[in-house]
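[1] Need a 3D model of the following:
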Amino acid sequence: MTTPAQLTRHHSASVDRLVHEKPIALRLDKQELADAHAQAKAQGRSSSNFARLIHLMGMAQYKRLGRIELPAADMASN
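    Prediction:
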């Protein structure tokens, strides 16, 4: 049976397909995982899509700065 969502899904020709052969494992503590799931849900995204977008944001910041730089408050929670 085909659902309405399946009828409207298509892949844009302008977007590169994602690689699935060699995933990168991401280990989070319970609170980090719960927060990631909650933020993804709030945006109507899958958790993996949310994690990918956060990765892209962080990579852009890293390329701008040339190093990893976190506020002291973020470092204290690790």
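[2] For residue 50, grab the count of nearby residues.
    Residue 50 has 19 neighbours, counted by other C-beta atoms under 10 Å. (Each C-beta comes from the backbone N, C-alpha and C, glycine too.)
[3] you'd agree it is up against residue 42?
    No - applying C-beta atoms under 8 Å as the test, residue 50 and residue 42 come out as separate, 9.4 Å apart.
[4] what ranges of this structure fall below the confidence cut-off?
    Across the chain, the ranges flagged by pLDDT under 70 are 1-15, 73-78.
[5] Tell me which residue is most central in it.
    residue 51 (1.6 Å; C-alpha atoms, centre = their mean).
[6] Give me the distance between that residue and residue 28.
    9 Å (C-beta to C-beta, to the nearest Å).
[7] which neighbours do those two share?
    residue 36 (C-beta atoms under 8 Å, 6 or more residues apart in numbering).
[8] returning to that earlier point: the residue nearest to the centre of the chain against residue 25, yeah?
    No - applying C-beta under 8 Å, one finds residue 51 not in contact with residue 25, separated by 11.3 Å.
[9] correct me, but residue 39 touches residue 50?
    Yes - judged on C-beta under 8 Å, residue 39 makes contact with residue 50 at a distance of 6.1 Å.
[10] re earlier: let me know the helix or strand that the residue nearest to the centre of the chain is in.
    Per DSSP states H and E: residue 51 is located in helix 47-65.
[11] That helix - contacts with which helices or strands?
    Helix 47-65 is packed against helix 30-42, with contacts defined by 3 or more C-beta pairs under 8 Å, 6 or more residues apart in numbering; DSSP states H and E.
[12] Name the residues of the helix it packs on that come out as buried.
    By 16 or more other C-beta atoms under 10 Å, the buried positions in helix 30-42 come out as 36, 40.
[13] What is the neighbour count of residue 57?
    Using other C-beta under 10 Å: residue 57 sits among 10 other residues.
[14] mind checking how far it is from residue 21?
    According to C-beta to C-beta, residue 57 stands 24 Å off from residue 21.
[15] Since that was my last question, I'll sign off now.
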